[in-house]
Structures are given as C-alpha cells and as structure tokens.
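sequence first, then the predicted structure, then my questions.
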Amino acid sequence: MMETKKVNKKMTLLMFSGEYDKALAGLILANSAREMGLDVTIFFAFWGLTLVRDPGKMTMEDKSLFEQMFGLMTPQGVEDLPLSRMNMAGLGKAMLKEMMEDDKTPTLTDFLNGARKKGVKFYGCKLSVDVMGFKEEEFIPELEIITATEYLQDALESQIQLFI
Amino acid sequence: MMETKKVNKKMTLLMFSGEYDKALAGLILANSAREMGLDVTIFFAFWGLTLVRDPGKMTMEDKSLFEQMFGLMTPQGVEDLPLSRMNMAGLGKAMLKEMMEDDKTPTLTDFLNGARKKGVKFYGCKLSVDVMGFKEEEFIPELEIITATEYLQDALESQIQLFI
Amino acid sequence: MMETKKVNKKMTLLMFSGEYDKALAGLILANSAREMGLDVTIFFAFWGLTLVRDPGKMTMEDKSLFEQMFGLMTPQGVEDLPLSRMNMAGLGKAMLKEMMEDDKTPTLTDFLNGARKKGVKFYGCKLSVDVMGFKEEEFIPELEIITATEYLQDALESQIQLFI
C-alpha cells in the first residue's frame, strides 16, 4: 500500500513566459512537486506555448502570412528560448548553459522530459493557440488544448498556483 | 433562486506589469472567472496602473516635473501598452493585433470593458499612485485606491492569487 | 496575552526577478504582511539572488571563470538593480528614486532592512546558488540555502503564494 505517497494536493502553474530561465524555474518546480507526490498541471499560454512546440513539426499549411511569420520568428522548442535578462544575443544564455554543465545540472530539455515522464499534465491555452495560429500537431503529443475556464477550475482545486 | 451560480470563491490578481500581452492574460482570466461566478479583484500596482488610466483625463496640475514627464512617457490607456517581448517598436504588437482581428478575438479594450461591466473590482495601489504622481481623476471611475495591506486582506480570502 | 495578533496565516513569495521595481513590490508586500501578523517567507531564486548579495562580500575564490564574470556582471545588492522597464541606462531608475524621495517613500534598502528586522524568513534556492557559483558568505547573514522541495513544502502551508 503505497498510499502514503499520495497527498491529494495540487500545484497549477500558468506558464506565460517563453524564456529559458523562467521555463527552467517552472519545470524544476514541476519536477520537484511530482517527486513529492503532488498533482501538477502546467497551463501554457502566449509565449509559454513556445516551450511545448515540437521542433521537428512546424507546418506552414492553413496559416495566414502573419501566422507563418510568427511561427518562424518564435523559438522552436525549449533550447531555443532566450534569457529574460542578460541574453546579450545569446551570449548570456550560452554562459548560463556552460555554468549548468560545469555544475552537472540537467538541461532544460532534461527537465521538460522529466516532467513528461513523471506525469505532469500539459495544457495549452485555446485562445493563444488560435490567435498565434499554431496547429495541435505542432506541439508535443502530451499537450491538450483547453480554455481559460478549464484552467481556472483546475486552479481553484490547487493549493499552489503561480503565474510564471 | 439563482444561488447555484454563486460559488463564494474568489480570485485576486496583482497586476504589476503594464504590458499588452500580460494585461490581455490578466483580463481574460478576470472575465472568465466572473462568468464562472467567482468574485474577482484586480489590484493595479506600478506599471499596471497604466492599464487603468483614462486616456482623455491626463492632468499636469499639482505635479512635479518628474511626475509630469512620467505621465507623458508612460502609456495612456490599454491600447497604448507595449508587448513584453518582440515589441519591435510596435511592429510585433501591430502583428499580434492583426492576428487577433483575423481570429475575431476581442481587443484588450473589449476585455477591459467586459471586466468593468461584469463587476470585477478595480483597486489601485496607493503607494504606487503617490510615487508616480497620478491623480485619482486620471483613472477610470471604477478604480478605488487602497493600500497593500488591504490588498493582502483580500488575497487571504482568495482561492486563486496571481502576480502578473 | 497578545495572541490576537497571531493569525497563523502565511505568505510565501518566490522572488525570481532581480529588478528594482519588482523587488520593491515584493518587499513592500513582505513588510505589510508582517505588520498584519502573517508569517512571511521569501525564496530567492535565479536573478532574485542578486537582491540578497552583501555588497561588501564578493569573493573570487573557488570560482570558475564564468562564475567570476557572472559575479561581476550581476548587481551587487539592491540599490544596484535595474528597472524592469524604462530603465534607460539608469535614467528611468534615477527618476523613480527621485520621485520616491520627493514623496518621502522609504528606499528599497529601507524595505529590505525592514523585512530583516520584522522577521521575514530569507531562503536562497540551492540549485541557483550552485549554478551561479555564489558562496554562502557572499549573501546577507539571514539567508539560508534550501531546495525547491523545501520551498514547495512551505508554499503548501501558505494562504498566499506569488511568483515575482
């Protein structure tokens, strides 16, 4: 009876930012919370959706010109994200990644894959997906598209909610 | 007896950012939460106050030079807000607005007016208003000035609190 | 019997940003919450750690070249932090500080020292400290290094949690 691990508590993250360092913060919290036995949900909205794009699956079909441009100009997958500060055209981020490697810290991709394996629920904001013109098949397969209302229902049942 | 709609639950947003995309996120959440029957409070602080300026009501009276400059340099009303990323001197924002229009998504102004009509409570942070030199009559009439302590009392009773 | 002041309620801030205005928001909330009798915890992660560096205690020992560069390039103590917007190479911040002074608002240093005196708990994120190569003695003495898991345990018991 491993019931003791089940705490019936929940964390809901609203991942709005599409930046390397903030994504790292969100995914480290998600992994840690799952290890503690919490239910974890991440609701990706706006720039946050760039974290869960599948780099190999961009499509240009059925998109307006702006949607095509937008798809090309925004990062494709987590390693492509800029830093929120001191990005310095990528130099700051390269430095941070070196420092993480020196320290044997897992990469952002490792934390994302860890969250996927540990059963974190991935949701994408329907309105953002529609406005940005993304297609469901352009995301990692775990991502389920839901409305802001469904996110709020989830958040109401959560002990921890953060907007990142 | 419409009592069923009343859930007696509450969301409190602290709107710190004065950016178009983050304002959109906050106001979409506020509208959705009201439709679900939640009580919703938004506490506007710092840059967030630029969202609730009434564009036609700027005054220069009783302001120091810095306060006058500040009033002129900061956005006057929601459509004037920059994007938090890829603003590109307004080009990125214009593109986002086109994409929203193509998609028949309401504008930020629509979401703000929706929140006003739906009975979202609008509070402004007293300390921020004082420091920035804004006058109460420069804001939309719904805005009530309160202290950080009053915001915290509100947040303590809320099931969802987010810092945006 | 001053038991009435003790509300047994708690606020947990995750201070991720290392910006003057956001630090001000976080520390004003922390001071106000303590005055209301709440337990207050601030968990400093990533850029947020630059708020709790002790300006006089930077060390170059036992650091890689990147860690040394990083220590030099990031702000040393609160008054050194940039604004999140309109920083304009320091001009915007100087203006804000003038406006705060005109208004007799305490400085960021005052709010930080207030929080220290009022018994706010200061925690630093272990993973961030390790990656950035900071040494425990480079921080203000109140700072205790803990893991993300320990922060989450704290947050689970809190009525208010914000990611700043």
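Here it is on my side, so go on.

show me what from chain A comes close to chain C.
Applying CB under 8 Å from any CB of the partner chain, we find that chain A lies next to chain C at A:9, A:11, A:21-22, A:24-25, A:28-29, A:32-33, A:35-36, A:38, A:84-86, A:95-96, A:98-100, A:102-103, A:105, A:159-164. Yep, even glycine has a C-beta here, placed from its N, CA and C like the rest.

who's in contact with the helix or strand that contains A:Ile42?
If you go by DSSP states H and E, A:Ile42 is part of strand A:39-44. Residues from elsewhere that reach strand A:39-44, judged by CB atoms under 8 Å, 6 or more residues apart in numbering or on different chains: A:8-15, A:26, A:30, A:33-34, A:51-52, A:115, A:120-125, A:128, A:143, A:146, A:151, A:154, A:158.

repeat for stretch A:54-67
By CB under 8 Å, 6+ apart, stretch A:54-67 touches A:68, A:71-72, A:76-77, A:80, A:132-133, A:135, A:137-141, B:95, B:98-99, B:102.

centre of the chain to that stretch, how far?
Relative to the chain's own centre, stretch A:54-67 is displaced by 19 Å; criterion: CA atoms, centre = their mean, to the nearest Å.

stretch A:138-153 too?
11 Å.

just the mean pLDDT for that stretch, thanks.
Across stretch A:138-153, the average pLDDT comes to 96.

now swap in stretch A:100-115 and tell me
Across stretch A:100-115, pLDDT averages out at 90.

list the buried residues of it.
Under the neighbour-count criterion of 16 or more other CB atoms under 10 Å in any protein chain shown, stretch A:100-115 has A:100, A:105-106, A:108, A:111-115 buried.

end to end on that stretch, go ahead and measure it.
Terminal residues of stretch A:100-115 lie 19 Å apart, using CA to CA, to the nearest Å.

quick one: distance of that stretch to the chain centre.
14 Å.

next one: stretch A:64-75
The answer for stretch A:64-75 is 19 Å, by CA atoms, centre = their mean.

other SSEs contacting the biggest helix by length in chain A?
Identified as the longest helix of chain A according to DSSP state H is helix A:20-35. Counting contacts by 3 or more CB pairs under 8 Å, 6 or more residues apart in numbering or on different chains; DSSP states H and E, helix A:20-35 is packed against strand A:10-15, strand A:39-44, helix A:91-102, helix A:108-117, strand A:160-163, helix C:148-156.

what angle do the next helix or strand after the second one and helix B:91-102 make?
Following the chain from strand A:39-44 toward its C-terminal end, the next helix or strand by DSSP H and E is helix A:65-73. For helix A:65-73 against helix B:91-102, the angle between stretch directions is 130 degrees (axes from the mean of the first three to the mean of the last three CA atoms, to 10 degrees).

average model confidence for helix A:65-73?
78.

list the buried residues in it.
For helix A:65-73, burial by neighbour count (16+ other CB under 10 Å) applies to A:66-67, A:70-71.

same thing with stretch A:140-152?
Buried residues in stretch A:140-152, defined by neighbour count with 16+ other CB under 10 Å: A:140, A:143, A:145-146, A:148, A:150-152.

quick one: contacts for the most centrally placed residue in chain A?
The centroid of chain A falls nearest to A:Leu51 when counting by CA atoms, centre = their mean (4.6 Å). When contacts are counted by CB under 8 Å, 6+ apart, A:Leu51 is found next to A:15, A:18, A:23, A:44, A:77-78, A:81, A:112.

one more: A:Tyr20?
Counted by CB under 8 Å, 6+ apart, A:Tyr20 has contacts A:78, A:81-84, A:93, A:96, A:108.

could I have the ChimeraX command that selects the buried members from those?
Command for ChimeraX, covering only those of these found buried under the criterion 16+ other CB under 10 Å:
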select /A:78,81,82,83,84,93,96,108
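
can you lay out the contacts of A:Tyr20 as CSV showing distance to A:Glu61?
Shown next, in CSV, are the contacts of A:Tyr20 (distance: CB to CB, whole Å):
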residue, distance to A:Glu61
A:Val78, 24
A:Leu81, 25
A:Pro82, 27
A:Leu83, 32
A:Ser84, 32
A:Lys93, 31
A:Leu96, 36
A:Leu108, 29
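
returning to that earlier point: any idea which of the contacts of A:Leu51 is closest to chain C?
For the contacts of A:Leu51, the residue nearest chain C by CB to the nearest CB is A:Met15; the value is 10.4 Å.

how deep is the residue nearest to the closest one when sequence neighbours are not counted tucked in, by neighbour count?
Excluding the flanking residues, the one nearest A:Met15 by CB to CB, 6 or more residues apart in numbering or on different chains is A:Gly48, at 3.8 Å. A:Gly48: 25 surrounding residues under other CB atoms under 10 Å in any protein chain shown.

now swap in A:Glu79 and tell me
Neighbours around A:Glu79, by other CB under 10 Å: 14.

any figure for the gap between A:Met99 and chain B?
24 Å (CB to the nearest CB, to the nearest Å).

surely that residue and C:Asp130 touch.
No - with contacts counted by CB atoms under 8 Å, A:Met99 stays clear of C:Asp130, the gap being 9.2 Å.

who does the closest residue to A:Glu150 other than its chain neighbours bridge with?
Once flanking residues are discounted, A:Glu150 sits nearest to A:Tyr123: 7.5 Å by CB to CB, 6+ apart. Counting by DSSP bridges, A:Tyr123 is bridged to A:Phe43, A:Glu144.
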